[in-house]
Each structure stands twice: as structure tokens, then as C-alpha cells.
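model this:
(chains A and B)
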Amino acid sequence: MTSPSSVALDSTALRQHMAEGASRMGIATWDLGITCGHDASVQVDRGEPKQLKARQSTTAMVRVWNGQGLVGITSTNDFSPTGLTAALEGARQASAFGDVQSPPRLSAQAQDPLTLLDQPQHPALPIHVLLEQLLDAERQVLNCHQAISTLPYNGLSQSRRERLYINSAGALRNQTTTSATLWLYPRAEEAGRKPRSAGAVRLAPGVDALDMEGCIDEATERTISHLDYAPIDTGIYTVCFGPEAFLDLLWAFGSMVNAQAVLDGVSLSQRSSLGTQVASPLLTVADDARHPRHVAAPEFDGEGTPTRRLPLIEEGHLRHFLHSEGTARTFADGSVATGHAAMGAKVTVGPQWLDVEGRRGDSSLSCQGSSGVVLIDSLSALHAGVKASQGSFSLPFDGWLLSGGERRSIEAATVAGDIRSTLQNIVACEGEPQCTPSGCSPHIWVEGLTITGEA
Amino acid sequence: MPSLCLDAPVTSRLDQSWQPRLEALLSAGMGAGADLVEVFVERNNQLSVLAEQERITSVSPVMGCGAGIRVFKGSCDGFAATNDLSASALMTALEQALSMLGLCRGARASAWQGLATFQDHGSGKEQWLKGCPAVPDSADRLREATTALDRHGRHLQARRASYARDWQEVLVAASDGTFARDLRLHQTTGLTLLAADGDHRASISRRDGRADDPGFLAAWPVEKEAISACQSAGKMLYADVVKAGDYPVVLANRFGGVIFHEACGHLLETTQVERGSTPFANKLGQAIAHPAVTAIDEGLSNNSFGSMTMDDEGMTPQQTVLIKDGVLQCFLSDRAGEMRTGHPRTGSGRRQNHGFAAASRMRNTFIAPGPHKPAELIGSINHGLYCKQMGGGSVGPTGQFNFAVEEAYWIENGCLREDKPVKGATLIGDAVTTLPRISMCADDSALAAGFCGSVSGSVYVTVGQPHIKVDRMTVGGR
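Sure thing, here's the model as predicted:
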């Protein structure tokens, strides 16, 4: 029914199938994006293997432009000539309903020279090796504290991704990346107390490059630090967001720098927002898909446009929006596609990897010495608690109340605020930026956020 | 106008003709020493259409196929997925799954008896896909919806209407003899609007969904839904932000049921029992909720979003009483859950697609109606919160839950103050302390369609309840 995956990314054969099929249908302009993945993962439960998985998956997205310049799209995982022809036909029919007002075009940058990233591919290890490593990690976690009896959420995975982009104008992009992920979320419980959980994640280009010990240490330290917990009084607090928490917040409000969201009227920003102060002068944010710490960093986006480092906020001022080919053309202000597009009937744009830099600001604020302030380690339920188009958020979190360098876990609480005032009320950026799977950031201190403690 | 080809490019049907191929796989797996082998094969045909303002801005067809092969040995299982359905690729996937468990094909002769009688649950459903609306009809309905929003709303900055159709053909075969086919059809509609006036903003959404009903979109009550969404936006646009604190809360019916889904339902899935991450693991037969609470999960209601003729392991779903008068009766279990926890299967093995191994998941989950009228619940509260529309929610690894409230009003002196809307509320708590606080259930049960994301991907579910009163909840706000 489908062709074997081994021929999936034969760009010459694919181009030939596409060109022949398009020609038969009278289609002059088309493009094709393919992702082919091979994944393996393991999960364990108290010294025993629980589930082992392997997955081969392929996805192709075909776009065609009809005689009126309107675009249609179809997705398929059938790469055989028959399958591609069917996808072309589906896309051709869908083009009759293409957006008349702002149809996308092929990216003019899809054939620009591409600076390749230095991304050595790491070998896939046998699944029994993954299993042994995870069992060993679980053993270390369970042995580190008597209150930790299970590791309910755990996994070790490795992945190989091949991406291909070709179009009727002759563009050809391809890239192969490898990655590995380890996640450990222990559950700890002491007699008469509520169960507590925290965890850690590590990402690397391969299992052999994973910081296993660092992940184990962080997962156990975080979990143990939440065993001694207390409720927090509801009120207004100065809050220090850890790197992961602050990056999660920025990602959740990514529509602020998203040109498509601006055009759709659902962003907090407008075209005229460029150059205005949207955050404290202490804050500088760039999107940098090519950051050396970005594992499996993409060299090009869904339209074939090369990725790049793009300043978004400089010392509090909004400098650039993330653009696709279409949004840049619609803005008509000299903007160009920035390498942040995802192919679709409606092309979407989004961040790739956020790089936050900050000036120190109020040096009296410190995770080591401040009192009466809340340190937020991680935020939860962003899909439910963020109203991106309104600017508001109300989110559960894991964190501690700081008191003169001592920290005590907060039993259960939410942090609420408005992203615009939150960014404006940044009063300090502390420490060296720390990298997470979604970006890099120092600790960010914000005044005047509401914390609600659970009674 | 053209209509999109409704026949998937994958031309082979998934039917009884697959029996020899499947038996070869299962026999090979059993011969290798597996305790049980299961093969899940699917093909699907999806379409999504989006209208923004008066324009259709996206038409996205998706066609695909694939298989997931799962091998059980002892308490462990190996799972391999592929979207290459050739015989050689399927055998390779089986060998992968076997090798994960240290098993090797051809190790010994298989005494396996073969598949049982073919159960074709797809019979009579062949015309469903062709009965669904063509793209032009879908587009017209969506434009009708965004126009209705424009007609009824004020200060609207963005108007969206969406439609999605998911047609799926599945074949399940297992070495216990299971051999069954089914056709599924799920359709959803959505309305989203953003109202803005100066610094005041309100985003409101509505969603509906139905299973196995090709006429769903044609029957979508566009005008009624648009009026409801616009009324909510009008009230919430200038609403005050809720003051954080502890309050008695009345949760409206329909999507208010998401609280039970998140707060309790997930903790009654055997996946949680296996992990040791549910506080209810050893509570069968014990009171875990207020005596006013009876809760049910079932997969049988006609056309409900979480209904199915068979689950993704080939089992006919059941009506499962989870809690009866506050006492825990049953867990939701799948094949792996039964093996690992001993709780019998309930027809709850579900997965998003072939790329996921099935897991115990909710279907249509709801709190049963009680004896009260909604006004009695409100009348019993001096100062509290009425949550009319819920947003999404989630539950953490220790049972902590949270829900966003999209539309809420104060209750004062036993009266609902629709002139005092509030926004920005989040309900937080945990199941162990909240379930005993559900002290009153009204008599107006209603269901709402939704999506649930968990270990086996995103699946279609229904949540539901009558109006319920929770004596005290923590409300996050500002």
C-alpha cells in the first residue's frame, strides 16, 4: 500500500513523481515537504521493563497553486507514485477554496545558499542498551531517598529525523538530525503528608551525549526539596521565574511577536508596535534556531527559508516580528521571511528557540538572600491557563517561598497576571543564562504578581 | 464546484481479506514465545476547514494509514508502529517488537489456533464518509457562522469558525482470537471570537462534536451558538478580574463536567494504578466522594463523542459505574491494565492512532443527575462563584488539578448576579479533598464534546454533569 520508508527521501525520484503528476494535471507551481522519523523509547517500572516502543513515521505535505494563484494542500503518508498523484489531486481540488485575499507564494529564499549547521549524527543504540541505562537511572533515583518509592513518569528515547523540501522552482533542502531525551519524574511521599513530585528532562543529540547524572541529580533534588512544604498566603508577591518557567511564559505568549497573529487581529501587538517599549529595559530576547545548544536545530523552515537569529526585543523595545513569506509580503515594510514558517493551507509562524538575555537591575534581589519572595521553578497547564489574545494568565506552579537564602516548598498555588505588565515589571535578571529544551534564559525577577494559595 | 475526493489514496480495504496476513504475523509472534500479540491497522481520511471573518483561509485534507503491533511477555510489552503496510514492513515491525522483549521469530513452532470469527462492526457504515458534507457545503456553513457572529456581536476584532472531520477504518487482530473491524466518524465544529474595546479584551469559544452522524454539520445550530458566544463576549469584555480566594462554587452542567474528568476520572484509569500515582488505588468499595455523587463512564450513548462500537483492542465498550453514592465501584481498564493490575477490561482501551499503544482512557464520563433544581444550589450560597463556561484543565502527577474558567459570575445572597461577571478565574485543588465537597447535584444533566490528551494521545471524549455545588474551592485570580 505504501512504498518502503527507505525510498521516502530519494529527492530525485520524488521530484520526478511530483513533476510528472503535476504536469499531467496542468499544475505549474508546487512544493513538497516531508518528514521521516525513526524513534525508539523505553519506560520502566520499579526495576522491570514496562513498555518499549519503536516507531517509523512519514508525513508529506503537498501544496499546489492553481491557475488563479490560489493554494491547496493535502497531507499523506503514502509516497508511492500513486499516493503522491492522489495527494496532488487532493491539493488541486482544495486550491479551489484557497484564500483569495492573501495566498502564499513560494519563498524567494528557498534557493538561497544555506549555511549548514555542525550537527554530527549520533548512532542509534540497541533498545536493550536504552533499557539498561534507564533501569540504572531509575535505581539511582529510587535509592537516593526513602520517601521516593516510584518513578511514575520516566522514559529514555532516541530519534532520527529526515526532512526534505523541494519545489517546482528547483529548490532542494534536506537535513538529518538525531536527538535523545531522558525524563525522570519521581513521586515522593512521607507518612501523613501529601505526595510530591517534580522532575527533570535532558535533551542531547544522542543517548551517548545525554547528561544522565545531571538529570538524576536534578530530578531527585527537586523532588526532595518539595517534601517539606507549607501553604502560602494569597497575596501580591515579587516573583523570580526560573529559566524554564520564564521561557514557558514567553512561548505561551508568542503571538506577541507573530506577524500572522498581528494580521489576524489576535495578537497583543499591532504593526505599529515595532519600536515601542513592550518590556523592561533590562530584557533582551532573540529567536535563535541556530543556537549551538539547540538540539536538532532546523536549518530551514517549512517554506524552505533558511533559519537565522532574529532580535525580537532589545532592551525592552520590540524590534522584529516572526515572518513567513506571506506575512512579510503583506506587511510591505521591507520585512522578509525569517525562517519561522510551518507549511499549511494557511501558513503559520512560531518561535524556534528563544534566547533571553538580561541586565542585572536590582542587585539586592537574589535567590540566595531575598526573603518573602516566590521562586517559580516550573509552570503547569499553560494550555488552559493562558489567554494569549487577552494577555492574561493564571497558572499552577512548582516553587518555593524564599526566606534569607532558605527555601520552603509551596504546597499548591497559582500565579496570575497580565503578560504586558509582567514584562514591564521585570526588576532584575539574575545569573548566567541556563539552557532548556526550548531556549536559554537567566532567572527573571518580576514585581507585583498575584499568588493564590490553596486552602 | 469540485468536491474533494473522498476515497483515500490507499485503495485496499481493511477487511477479512487481511486474515491470512494477520494470522501469519500473530503465529510468528506466538511462535517466538510471546504471551499475546495484537495488531492494530488503520487508514484515515481527515478534513479541516477554517473560516476567518468572511473568508475560507484553510482547507486541509489528510490521508494516511499505518499499523501498530504490540507484543506482551510477562508484565512487559513491546510496541512497534509503522505507516508502511506492506507484508515485509509489518513483519519487520513485529520482529522489532519481539526483539525488545528478547524474543526471536522462528524460535519454535507455534501451536496457535488462529483468529476467531470476523466481527465486522463497520457493516452498514460504508456510506458515512460520502454522506459527510462536501467542502463547498462546509465552507458555506462556516461563513454562515462567522456572519452570524458579526451580526450578533459588538466590538469583535476576530471571528473564526472551524469544522473538522475524522473518518477512520480500523482492523484489530490479536492472538486471543480477536478479529474485528470498525468504521468511525467524528466531526467537530468550533466558534472563536475576540472582542476588544480599548484595553478590555475577551476571547470566547464554543465547540460541539458528534460521532457517527454524517448529518452533524447540516444540523449545527449556527444562529443559536453564535448568539450564545456573542452574549458571553459582551458580558466578559468588561468583566472584573476575579479576586483570589476560597469560595463555594456552582459549576454549570455540560462542560462543567471537565472537573470530574480531570479531578477524578484520570485517577480511575488503570494506567494511573500501574504507576502508583492515584490515591484511589486501594479504595475499591470505600467512600471517596460525597454520597450525592454517582459517576459513570460509558461508550454506548448514541452519537456521543466518546462512544464507539468497539474499543481499540476490539472489545465492546460497557457502561462502567465508577462511583455509586460516593463509593468507588470500578476502574477503567484495558488489556495491559488488566494484566498488570487485575482490574477486568471495560472496553476502555483507546489510542489516537496506530502510532500509540492503547491505554485505559475515558469515553463519555459524567456525574449522574441528583434531586435538586439548579436554583436550589445557587440559593444555598451566600457569597460564591457561578462558573458558567469552563476552559481546559489538567491533572498533575500527584492528583492536583486545575481548570480555567471562561465565564463566571458572582453569587450573592442566594442570587446569581449576571450583572457581576468575573474573568481570570482558575479552580485548583485535588480529588481527595474536592470529591467529598460536591454536596448537591441538580437534575439537569447534559453532555459536552471534548478532547482528552494523555499517554495514548488525543482521543474523543464527552464530559458531562448536572449543575453541581462544591462547598469550597480555591479560586486563583488577581
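
for the chain, which segments count as helices?
Picking chain A for this. A:11-25, A:81-94, A:127-143, A:212-225, A:243-252, A:259-264, A:325-331, A:382-385, A:419-424 (DSSP state H).

actually, chain B is the one I wanted.
Using DSSP H, helices in chain B cover B:19-31, B:87-100, B:128-131, B:135-152, B:216-219, B:222-237, B:258-263, B:270-275, B:335-341, B:374-379, B:431-434.

okay if I get these as CSV plus mean pLDDT, mean neighbour count and distance to residue B:160?
All C-beta atoms are positioned from the backbone trio N, CA, C, and that covers glycine. Listed next are those as CSV, based on pLDDT from 0 to 100; neighbours: other C-beta atoms under 10 Å in any protein chain shown; distance: least, C-beta to C-beta, whole Å:
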stretch, mean pLDDT, mean neighbour count, distance to residue B:160
helix B:19-31, 96, 20, 43
helix B:87-100, 95, 21, 40
helix B:128-131, 95, 14, 26
helix B:135-152, 97, 19, 7
helix B:216-219, 98, 17, 16
helix B:222-237, 97, 19, 11
helix B:258-263, 90, 27, 22
helix B:270-275, 92, 24, 34
helix B:335-341, 95, 22, 39
helix B:374-379, 98, 18, 31
helix B:431-434, 92, 21, 34
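
who wins for proximity to residue A:107 among the ones you listed?
helix B:135-152 (26.7 Å; C-beta to C-beta).

report the angle between the axes of the closest one and helix A:81-94?
Angle, helix B:135-152 to helix A:81-94, by axes from the mean of the first three to the mean of the last three C-alpha atoms, to 10 degrees: 40 degrees.

tabulate the helices of chain B (a markdown table), appending distance to residue B:391.
Below are the helices of chain B laid out as a markdown table (distance: least, C-beta to C-beta, whole Å):
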| stretch | distance to residue B:391 |
| --- | --- |
| helix B:19-31 | 43 |
| helix B:87-100 | 39 |
| helix B:128-131 | 31 |
| helix B:135-152 | 19 |
| helix B:216-219 | 23 |
| helix B:222-237 | 12 |
| helix B:258-263 | 9 |
| helix B:270-275 | 23 |
| helix B:335-341 | 30 |
| helix B:374-379 | 21 |
| helix B:431-434 | 18 |
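
how about TSV for those helices, with distance to chain A added?
Below are those laid out as TSV (distance: least, C-beta to the nearest C-beta, whole Å):
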stretch	distance to chain A
helix B:19-31	11
helix B:87-100	4
helix B:128-131	14
helix B:135-152	6
helix B:216-219	15
helix B:222-237	9
helix B:258-263	9
helix B:270-275	4
helix B:335-341	8
helix B:374-379	21
helix B:431-434	9
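
quick one on the thing from earlier: which of the helices of chain A sits closest to residue B:137?
With C-beta to C-beta as the measure, helix A:81-94 is the member of the helices of chain A nearest residue B:137 (14.2 Å).

so what secondary structure elements neighbour the closest one?
helix A:11-25, strand A:48-65, strand A:71-76, strand B:55-73 (3 or more C-beta pairs under 8 Å, 6 or more residues apart in numbering or on different chains; DSSP states H and E).

give me the nearest residue to residue 276, chain neighbours excluded.
As the question left the chain open, I've gone with chain A. Counting by C-beta to C-beta, 6 or more residues apart in numbering or on different chains, residue A:276 lies nearest to residue A:318, which is 5.9 Å off, once chain neighbours are set aside.

switch to chain B, please.
residue A:150 (4.5 Å).

and for residue B:382?
Using C-beta to C-beta, 6+ apart, the closest residue to residue B:382 is residue B:413 (6.2 Å).

and the lengthiest strand in chain A, what does it pack onto?
When chain A is scanned for its longest strand (criterion: DSSP state E), the result is strand A:148-167. For strand A:148-167, the packing partners by 3+ C-beta pairs under 8 Å, 6+ apart come out as helix A:11-25, strand A:29-45, helix A:127-143, strand A:172-188, helix A:212-225, helix B:270-275.

on the pLDDT front, check the residue of the stretch 251-400 of chain A found nearest chain B for me.
Residue nearest to chain B within the stretch 251-400 of chain A (C-beta to the nearest C-beta): residue A:384, separated by 3.6 Å. On pLDDT, residue A:384 comes in at 87.

so it makes contact with residue B:394?
Yes - contact between residue A:384 and residue B:394 holds when scored by C-beta atoms under 8 Å: they sit 6.1 Å apart.

which residues do these two both contact?
Here residue A:384 and residue B:394 have residue B:402 as joint contacts, going by C-beta atoms under 8 Å, 6 or more residues apart in numbering or on different chains.

higher neighbour count, these two?
More crowded of residue A:384 and residue B:394, by other C-beta atoms under 10 Å in any protein chain shown: residue A:384, with 23 against 20.

what's the closest non-adjacent residue to that one?
Nearest to residue A:384 is residue B:392, by C-beta to C-beta, 6+ apart, at 3.6 Å.

now the one you found: how far from residue A:354?
24 Å (C-beta to C-beta, to the nearest Å).

who has more neighbours out of these two?
Applying other C-beta under 10 Å to residue B:392 and residue A:354 shows that residue A:354 carries more neighbours, namely 22 against 19.

what about that one, distance to residue A:433?
11 Å.

could you do residue A:282 as well?
When residue A:282 is compared with residue A:433 (using C-beta to C-beta), they lie 13 Å apart.

before we move on, back to that, hey, which of the helices and strands packed on helix A:81-94 is tucked in deepest?
Ranked by mean neighbour count, the helices and strands packed on helix A:81-94 are led by strand A:71-76 with a mean of 27 (mean count of other C-beta atoms under 10 Å in any protein chain shown).

residue 114 - nearest residue in space that isn't next to it in sequence?
In the absence of a named chain, chain A is used. That would be residue A:306: by C-beta to C-beta, 6+ apart, it lies 5.4 Å from residue A:114.

was after chain B, sorry
residue B:23 (5.6 Å).

check contacts around that neighbour.
Residue B:23 neighbours (C-beta under 8 Å, 6+ apart): B:114, B:115, B:173.

report the contact partners of residue 441.
As the question left the chain open, I've gone with chain A. A:243, A:246, A:247, A:354, A:356, A:433, A:434.

the intended chain is chain B.
B:292-293, B:367-372, B:465-469 are the contacts of residue B:441 under C-beta under 8 Å, 6+ apart.

ok, the residue nearest to residue A:114 touching residue A:290?
No - at 9.1 Å, residue A:306 and residue A:290 do not qualify as touching, with contact defined as C-beta under 8 Å.

now the common contact residues for those two.
In contact with both residue A:306 and residue A:290: residue A:299, using C-beta under 8 Å, 6+ apart.

outline the domain layout of the chain.
Went with chain A since none was named. The record's domain parsing of chain A by automatic domain parsing lists A:229-250+A:359-453, A:264-352.

try chain B instead
When chain B is cut into domains by automatic domain parsing, you get B:16-120, B:128-167+B:185-239, B:245-476.

any idea how far residue B:125 lies from residue B:138?
Residue B:125 is 20 Å from residue B:138, by C-beta to C-beta.
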